[in-house]
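J.: Fold the stuff below for me.
(one chain, ligands or ions: 1)
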Amino acid sequence: MKQYNKIKAKHPDAILLFRVGDFYETFGEDAVKAAEILGIVLTKRKNGSASHIELAGFPHHAMDSYLPKLVRAGHRVAICDQLEDPKMTKKIVKRGITELVTPGVSYNDKILHHTENNFLAAVHLTDEFSGIAFLDISTGEFMCAQGNIDYIDKLLQSLSPNEVLVQRNKISQFEQEFGKSYHTYHLEDWVFTSEFGNDSLLEHFKTKSLKGFGIENLEKGIIAAGACLQYLKETQHHQVSHINTIHRIEQDKYVWLDKFTIRNLELFYSPNEGAKTLFNILDRTESPMGSRLLKRWLALPLKEKKVIEERLDAVEYFTKKPDDKKDIWSQISSVGDLERLISKAAVNRVSPRDVIQLKKALLTIPPIKEKLLNVKTESLKSIGDQLHPCEHIRQKIEEQIQDDPPLNVAKGNVIKDGVNDELDELRKLAFSSRDYLEKMQKREVEKTGISSLKVGFNNVFGYYFEVRNTFKSKVPEEWIRKQTLVNAERYITEELKEYESKILGAEEKIQHLETQLFSELVQSLQEYVGQIQQDAQLIAKLDCLLAFADLAMRNDYVKPVLNETLKIDIEEGRHPVIEQQLPLGEEYISNTVRLDNDQNQIMMITGPNMSGKSAILRQTALISLMAQIGCFVPAKKVTLGLVDKIFTRVGASDNISMGESTFMVEMNETASILNNLSERSLILLDEIGRGTSTYDGVSIAWAIAEYIHESPFKPKTLFATHYHELNEMANTFERIKNFNVAIKEVDKKIIFIRKLVPGGSNHSFGIHVADMAGMPPEVISKASLILKKLEDSGETETGKEQLQQAQKDSDYQLSFFQLDDPTLLQIKDQIMKTEIDTLTPVEALMKLNEIKKLIGGK
Ligand SMILES: Nc1ncnc2c1ncn2[C@@H]1O[C@H](COP(=O)(O)OP(=O)(O)OP(=O)(O)O)[C@@H](O)[C@H]1O
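T.: Sure, this is the predicted structure:
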């Protein structure tokens with residue numbers, strides 16, 4: 001326990017798995033946590049003269065299934081192994097930490113999600129610009145950036161790191177800015193300095209400056225990147241040569257999507273369980289790295305026309321040559337996770353099976369390369385040019401490693417015959433000795449007449465003869481009895497022992513030699529790491545382009561035409577996700593949206609609930625976004641003046657969101673749009689203002705629309721609203737145009753036509769929708785009565801009185817209080833002042849009594 005305590009003291013905030021013989025044990029608090037997470041038995045043992053200590057453990061071979069569970073539960077796990085052979089020492093065996101696995105730093109296949117990056121992030125928070133870095137040790141990707149809090153937030157949301165490093169004294173500031181959902185870990189203040197960051201990067205990349213990476217001016221980003229490297233050291237990851245470059249995430253290169261937009265457009269996550277996201281629809285990739293790259297593309301749509309067009313041209317090629325698409329894709333499907341494989345090779349963690357998979361992956365490169373080199377499309381040809389078959393190393397693997405080797409080198413039979421003379425000799429010896437043992441068994445059966453004689457082996461006394469009790473009397477005298485079982489006895493003989501030492505000696509040498517030869521091969525892989533990493537990235541890109549082509553062909557998407565104008569012209573566009581999810585037989589109704597900064601800047605779209613307003617808004621953004629990642633789009637024709645920012649805001653629903661008033665959140669979110677407009681912005685405002693009373697809501701919505709209209713940038717905007725009062729605006733503001741989503745009313749029921757048509761609408765059909773939803777008839781008739789009174793009043797001023805009158809006229813009261821009732825305000829005040837945390841039950845009853853009195857109770 002002394003040794004344990006010493007090691008544990010160095011890693012107080014990690015669960016320490018302490019190797020004892022064939023088990024990994026946990027003690028004390030760690031044991032309590034481990035037992036709970038892993039569902040293993042928690043026991044107690046004596047802890048010296050002191051009291052007891054909790055203990056929970058599992059067999060060492062179960063590590064692969066238990067470790068991921070601990071890490072997924074958000075724990076850092078320190079693995080403490082025996083550093084010497086217990087047989088070789090008489091004292092306590094030497095132990096030390098061999099790896100610290102954390103949520104953000106892992107190579108373990110069981111921890112990693114194969115279609116997702118496993119990013120470790122570091123955030124350097126400062127008052128002005130903050131820095132951020134992302135590192136995926138399993139793929140070798142390393143990136144950094146800097147910007148304001150919004151930008152950092154957006155990057156965190158888009159790349160969803162599994163662990164975030166923060167300066168020790170800034171954890172609470174971090175949580176305040178970005179929420180508590182990230183697994184954070186703190187590093188000391190001295191790590192977060194310019195000098196340390198710079199030195200760490202220079203030392204890691206072995207360069208004299210950071211100019212070559214284009215990050216030399218990103219002071220804050222460099223600090224964050226330095227923190228990531230420091231963490232690798234602290235977690236005992238010293239072999240990291242595969243992290244051989246760092247990229248800058250250039251804010252100017254990508255379309256600005258803030259976190260609300262990523263959420264509202266349901267790019268990666270949907271609040272509705274089981275609902276599909278845009279990523280789910282787009283992800284038709286065959287390889288894990290293709291899927292990971294696609295996620296990155298979707299989070300970072302491009303702004304540069306040339307680069308987007310290169311992607312689009314490649315997609316077009318494959319839609320026109322489906323045979324090429326099929327051929328290349330079938331090759332890619334056997335590539336596997338080349339990116340992670342080569343990273344594992346770089347850090348000496350590959351198994352023989354991984355190496356065979358690497359060989360298979362490299363085998364696919366020549367046919368892909370050949371095909372691409374014959375293609376006219378430049379972007380594809382250039383992928384072909386850059387692909388490198390790494391023929392030499394592939395052949396070496398082919399020559400040396402068995403085609404179907406075991407997972408572990410120690411199991412043997414990894415290296416092919418003919419690779420190493422000594423190995424061949426030893427194998428012959430081991431084999432012939434085995435053969436000899438078989439012959440010996442036959443001979444002894446004949447000699448002794450023990451027909452059931454068997455040769456067996458165990459770890460305690462090696463090879464033995466097993467004799468069933470019925471033949472006991474026939475056992476020769478010189479045999480030495482070693483073990484008695486219920487039905488049999490086990491014996492050893494001089495001759496057996498002699499052959500045992502020959503076999504075991506040879507086997508031990510074989511194992512040693514195979515391990516050595518295998519690690520030499522892995523060593524020779526090192527010089528190909530950069531090349532194979534590049535191949536993996538090219539294959540990932542190709543995979544995404546093929547996925548887009550496949551999607552276009554399956555779903556009848558078209559190639560968008562991009563230009564530098566400020567117009568968005570979507571002819572008969574569709575919502576890529578909804579159209580895939582409609583019930584069988586239902587068809588998605590396409591709609592045309594034309595926006596520009598001149599005549600049609602703001603489309604004011606009215607229509608009843610459920611008519612399809614939100615779908616039109618979102619499909620406009622999704623189509624623009626898909627076009628700018630190089631994907632074909634669901635429409636008849638699209639001409640798109642490039643967009644540089646997409647903003648979407650959805651009016652607050654009644655969900656209670658993180659303690660803040662939902663309306664406040666809505667207003668905050670909208671304010672950040674109005675402060676960041678550009679002439680290439682596309683804005684979607686969906687029922688902004690509905691989080692407050694009608695009068696407030698109409699006024700705020702009006703003012704926001706007016707502000708956008710009057711902005712010198714004239715950003716293109718789709719504004720969906722229930723408030724038909726906003727249709728008035730088109731009379732005064734020349735760039736606001738009214739539209740509505742058509743419906744038909746048949747027998748007082750609504751039929752949704754889902755077609756966007758010019759012109760406003762003059763009522764809201766909420767009551768009909770409520771009726772369709774099965775509201776009790778009393779509620780419907782009451783609502784109709786109130787609506788009628790309001791409509792009869794004609795103008796809003798008197799509307800309020802009418803509403804009150806309607807309230808009095810009604811048969812029953814719908815609400816307990818008038819909103820401005822002073823009693824209500826007093827009660828509210830009382831409740832707000834109450835300290836629930838310290839309130840005793842008796843005090844609570846007294847408080848209730850006070851409140852009761854306030855509303856006239858006795
Ligand atoms: N063009 C369309 N073709 C077919 N179905 C559609 C279409 N547009 C919308 N829908 C269907 O109608 C449902 C409601 O659409 P949507 O949410 O866009 O309505 P809304 O007018 O925004 O309603 P609310 O005001 O209640 O938010 C969608 O979930 C979808 O299933």
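J.: which residues are in contact with the host helix or strand of residue 81?
T.: According to DSSP states H and E, residue 81 maps onto strand 77-82. Strand 77-82 is contacted from outside by 7, 11, 14-19, 24, 63, 67, 70-71, 93-102, using CB atoms under 8 Å, 6 or more residues apart in numbering. For the C-beta atoms, the positions are set from N, CA and C on the backbone; glycine is no exception.
J.: Can you turn the buried part of those residues into a PyMOL selection?
T.: Applied in PyMOL, the following selects the buried portion of these according to 16 or more other CB atoms under 10 Å:
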select buried, resi 11+14+15+16+17+18+19+24+63+67+70+71+93+95+97+99+100+101+102
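J.: What does the residue nearest the centre of the chain show for phi and psi?
T.: When CA atoms, centre = their mean is applied to the chain, the residue found nearest the centroid is residue 116 (4.7 Å). The phi and psi values for residue 116, taken as degrees, to the nearest 10, are phi -130, psi 150.
J.: again, but for residue 681
T.: phi -70, psi 150.
J.: Not counting sequence-adjacent ones, nearest residue to it?
T.: Here the nearest residue to residue 681 in space, its sequence neighbours aside, is residue 715; by CB to CB, 6 or more residues apart in numbering that works out to 3.9 Å.
J.: contacting residues around the helix or strand following the strand holding residue 81?
T.: Scanning forward in sequence from strand 77-82 by DSSP H and E, the next helix or strand is strand 95-101. With CB under 8 Å, 6+ apart as the test, strand 95-101 has contacts from 3, 7, 10-11, 14, 18-19, 67, 71, 76-83, 108, 111, 234-237.
J.: mind showing which ranges of the stretch 751-858 of the chain have poor pLDDT?
T.: Counting by pLDDT under 70, the stretch 751-858 of the chain has low-confidence residues at 762-765, 768-769, 791, 793-821, 857-858.
J.: Contact residues of the stretch 601-750 of the chain facing the ligand?
T.: 607, 609-615 (CB under 6 Å from any ligand atom).
J.: Please check those and keep the buried ones.
T.: For these, buried by 16+ other CB under 10 Å: 607, 609-615.
J.: among those residues, which are in helices?
T.: 613-615 (DSSP state H).
J.: what's the burial count for the residue in the stretch 101-250 of the chain that the ligand sits nearest to?
T.: At 23.3 Å from the ligand, residue 157 is the closest residue in the stretch 101-250 of the chain, using CB to the nearest ligand atom. Residue 157 sits with 21 neighbouring residues when counted by other CB atoms under 10 Å.
J.: cool, the one 3 residues further on as well?
T.: Neighbours of residue 160 under the rule other CB under 10 Å: 18.
J.: thinking again about what came up before, mind pulling up the pLDDT for the residue of the stretch 101-250 of the chain closest to the ligand?
T.: Model confidence at residue 157, given as pLDDT, is 87.
J.: With adjacent residues omitted, what lies nearest to it?
T.: Looking at residue 157 with CB to CB, 6+ apart, the closest residue is residue 259, at 4.4 Å.
J.: got it, and residue 24?
T.: Among residues not flanking residue 24 along the chain, residue 17 sits closest, at 4.2 Å (CB to CB, 6+ apart).
J.: which residues does that neighbour contact?
T.: Residue 17 neighbours (CB under 8 Å, 6+ apart): 24-26, 63, 67, 77-80.
J.: how much space between it and residue 407?
T.: Distance, residue 17 to residue 407, using CB to CB, to the nearest Å: 21 Å.
J.: Residue 223: neighbour count?
T.: So residue 223, with other CB under 10 Å, has 30 neighbours.
J.: With residue 283 instead?
T.: Neighbours around residue 283, by other CB under 10 Å: 17.
J.: just residue 539 next, same as before
T.: Around residue 539 there are 27 other residues, counting by other CB under 10 Å.
J.: just checking, it is part of a helix?
T.: Yes: looking at residue 539 with DSSP: H, G, I helix; E, B strand; the rest coil, it is inside a helix.
J.: and it, what does it touch?
T.: Applying CB under 8 Å, 6+ apart, the residues contacting residue 539 are 287, 289-290, 332, 335, 338, 368, 387.
J.: Which parts of the helix or strand containing residue 428 count as buried, going by neighbours?
T.: Using DSSP H and E, residue 428 falls within helix 421-448. Under the neighbour-count criterion of 16+ other CB under 10 Å, helix 421-448 has 423, 426-427, 429-430, 433, 437, 440, 444, 448 buried.
J.: Averaged pLDDT, the lengthiest helix in the chain. What do you get?
T.: In the chain, taking DSSP H as the definition, the longest helix is helix 494-525. The average of the pLDDT scores along helix 494-525 is 88.
J.: Just want the angle from it to helix 421-448.
T.: In terms of direction (axes from the mean of the first three to the mean of the last three CA atoms, to 10 degrees), helix 494-525 departs from helix 421-448 by 160 degrees.
J.: Please report the distance of the spatially closest residue to residue 404 that is not a sequence neighbour from residue 107.
T.: Leaving aside its chain neighbours, residue 404 sits nearest to residue 356 (7.6 Å; criterion: CB to CB, 6+ apart). Separation of residue 356 from residue 107 (CB to CB) stands at 18 Å.
J.: Break the chain down into its structural domains.
T.: What automatic domain parsing lists as the domains of the chain is 2-101, 120-253, 421-522, 561-763, 777-809, 822-854.
J.: Among those domains, show the one with the smallest mean pLDDT.
T.: When the domains of the chain are compared on mean pLDDT, domain 777-809 scores lowest, with a mean of 63.
J.: can you list the residues of this structure near the ligand?
T.: Going by CB under 6 Å from any ligand atom, the residues of the chain near the ligand are 578, 588-589, 607, 609-615, 754.
J.: at 8 Å instead, please
T.: 574-575, 578-579, 581-582, 586-591, 607-618, 686-687, 720, 722, 741, 752, 754-755, 769 (CB under 8 Å from any ligand atom).
J.: Need the buried ones from those residues selected in ChimeraX.
T.: The ChimeraX selection below is limited to those of the residues of the chain next to the ligand classed as buried (16+ other CB under 10 Å):
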select :574,575,578,579,588,589,590,591,607,608,609,610,611,612,613,614,615,616,617,618,686,687,720,722,741,752,754,755,769
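J.: Which of the residues of the chain next to the ligand fall within strands?
T.: 591, 686, 720, 741, 752, 754-755 (DSSP state E).
J.: Please identify which pair of the residues you listed lies farthest apart.
T.: 686 and 755 (18.7 Å; CB to CB).
J.: Doesn't the residue nearest to residue 404 belong to a helix?
T.: Yes: if the criterion is three-state DSSP, then residue 356 is within a helix.
J.: How many residues are close by it?
T.: 19.
J.: That one reaches residue 398, doesn't it?
T.: No: contact criterion CB atoms under 8 Å: residue 356 and residue 398 do not qualify, at 9.4 Å.
J.: for the ones in strands among the residues of the chain next to the ligand, which one is nearest the ligand?
T.: residue 754 (3.9 Å).
J.: List the contacts of the residue nearest to residue 681.
T.: Counting by CB under 8 Å, 6+ apart, residue 715 makes contact with 597, 601, 677-683, 708.
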